[in-house]
Every structure is written in C-alpha cells, then in structure tokens.
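*Asks:* make a model of this:
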Amino acid sequence: MPTEIDGEPVLLAAELSSKWRFYRNCTCSVASMVPMMFGIPACLLFVPIYSLCCGKARTEEAESWQLVLTPSTLHFKCKLYACGCCCQTTESKSIPLDKIQDLALVSDCCGDCCGFSDGDGVPWQMHVQTAGSSGGDGKAKSAELVAFCVKDVEAFRRKVLEAKRAMLRGGGSGGAAPKAAAGDAAAEAAAGVASPEAVATLKRMETLMEEALGLMRGRSRTDA
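*Replies:* Residues are numbered from 1 along each chain as shown. Presented below is the predicted three-dimensional model:
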C-alpha cells in the first residue's frame, strides 16, 4: 500500500473483508448466468468449482484493490475480470473530499442471505455521492463510487468525514498556510503595521506627487 499519493500522505487505507472473495465468485458474469440457465441448485454446485478454477483471478483482484484516504482526496483503484477469469478492466478514481456530499452505507437482504455482510443488518456497501451524482432535474443518478465488502466500513466512513471537515476548516493540505497568511495580514492592517512592499509603494507615490507639484509650481511661475 502506498504511503504517499500525488504528494499527499496517506491517512488511512481501507481493507477488504473476508466476504469479498465469496461476493466476487457469486457475482461474476459467468456465475450469475448459472442460476438463470440451470436453477439455484446448480449454482450451489458451480460456485465452489468456479472458486477453485478462478482463484488466481480473485487473488489478483484483491491485491489490486485500493481505497485510500489522503488529506484532500479519496482514491480508488481496482482490477476486475468481467467473466471471472478473463477480460480484465482496471478502474481508477480520485474524488476530492470537498465534492463528496454523502457516504451512504447500505445493508440489504441480499447481503444478509448470501453472506456478503458480516451479519444481519451490517452494512456491506458504501455509496460515495458527489455533486455530479444528481441530475439537473433533481433525480438521483448512480453513485460516483460503490465499494463492496469494506472491512469496518463505518469506521472508514467516519475517518473520511473527519478529513473532509478538517480540510474545509483549513486543516487539510494547502489550506492552513493561506488562511494563516490572510489572518496575519488582517492583524497587521488592524494594528496599522505595513509590510515593506507597502512602505516602498507609499514612498514612490509621495515622490511622484512631489515631482508633480514641483512641475505645477514651475508652470505657474512661468505663466506669471
């Protein structure tokens, strides 16, 4: 797992739960076709065999999976095999924390009955909603990112929201220095303290005004 991304330190890296591999074996394109073609009993027989034959692909998928939090961004990367063992697709996303509007945690009967969650009613999906996740008509679109089977997903959600609040307060990367500088400038202005650049500018303005007044006096004498 990287310790730095895009020049920012990694605050937290999420982990996959032990249910993820089983979830992938059940939801791969080929596996989902079995119950439709041969019924549920055939699926119960097929999934263990499929898991043994495609175990290498599942390992590659799990090793490629990353959900990483930095002071300003949520980074995601994962390689998935469309048919379970071929036709891989690698997806990478970087979502700025200030664009995140909600982190919805989902538990459902599918996760409870199929064993994708860690227990009845325990969230096993995290939907990352951003400003672009809702259309102009106000209707919700698909989430910017959906992460399945994240270990201790509620704690990870809390950390993301804490990082977002810290960034908005100016505690995130690049936020504290400008605010501190602005505060110092305001304090100096309130106290009547001018910076060296301001003093130099005022002196130049005084010199130009004196030169202009001298020219005006010279012209008035000539006219007289």
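
*Asks:* which residues of the protein fall in helices?
*Replies:* Taking DSSP state H as the test, the helices found in the chain are 20-27, 29-38, 40-53, 55-64, 109-114, 153-168, 176-191, 196-223.

*Asks:* lowest-confidence stretch among those helices?
*Replies:* Lowest mean pLDDT within the helices of the chain: helix 176-191, a mean of 47.

*Asks:* how about the most centrally placed residue in the chain, what does it touch?
*Replies:* Residue closest to the average C-alpha location in the chain (Cα atoms, centre = their mean): Leu74, at 2.3 Å. Residues in contact with Leu74 (Cβ atoms under 8 Å, 6 or more residues apart in numbering) are Leu67, Val68, Ser94, Ile95, Leu97, Ile100, Val128, Leu145, Val160. Where C-beta positions appear, they are placed from N, C-alpha and C, glycine not excepted.

*Asks:* the same query, at a cut-off of 6 Å, please.
*Replies:* Listed by Cβ atoms under 6 Å, 6 or more residues apart in numbering, the contact set of Leu74 reads Ile95.

*Asks:* now Ser94
*Replies:* Applying Cβ under 6 Å, 6+ apart, the residues contacting Ser94 are Thr73, His75.

*Asks:* apply 8 Å and report the result again.
*Replies:* By Cβ under 8 Å, 6+ apart, Ser94 lies in contact with Asp6, Thr73, Leu74, His75, Phe76.

*Asks:* which among these count as buried?
*Replies:* Thr73, Leu74, His75, Phe76 (16 or more other Cβ atoms under 10 Å).

*Asks:* domain map for the chain?
*Replies:* Following automatic domain parsing, the chain resolves into domains at 4-177, 178-223.

*Asks:* pick the most buried one from those.
*Replies:* domain 4-177 (a mean of 15; mean count of other Cβ atoms under 10 Å).

*Asks:* just how off-centre is it within its chain?
*Replies:* Centroid separation between domain 4-177 and its chain, computed with Cα atoms, centre = their mean, to the nearest Å, is 13 Å.

*Asks:* quick one, phi/psi of Cys86?
*Replies:* For Cys86, the backbone dihedrals (degrees, to the nearest 10) come out as phi -150, psi 180.

*Asks:* before we move on, the earlier item: partner residues bridging the residue nearest to the centre of the chain?
*Replies:* Leu69, Ile95 (DSSP bridges).

*Asks:* which of the contacts of Ser94 lies closest to Pro48?
*Replies:* The shortest gap between Pro48 and any of the contacts of Ser94 belongs to Phe76, at 29.8 Å (Cβ to Cβ).

*Asks:* could you list every residue that touches that closest one?
*Replies:* Gln66, Leu67, Val68, Glu91, Ser92, Lys93, Ser94, Ile95, Leu145, Ala147.

*Asks:* switch to 10 Å and redo it
*Replies:* By Cβ atoms under 10 Å, 6 or more residues apart in numbering, Phe76 lies in contact with 14, 65-68, 91-95, 128, 144-147.

*Asks:* go through the residues you listed and flag which are in strands.
*Replies:* In this view, the contacts of Phe76 that belong to strands under DSSP state E are Gln66, Leu67, Val68, Glu91, Ser92, Lys93, Ser94, Ile95, Val128, Leu145, Val146, Ala147.

*Asks:* my guess is the last one contacts His127. True?
*Replies:* Yes: counting by Cβ atoms under 10 Å, Ala147 touches His127, with 8.3 Å between them.

*Asks:* and for these two, which residues touch both?
*Replies:* Leu103.
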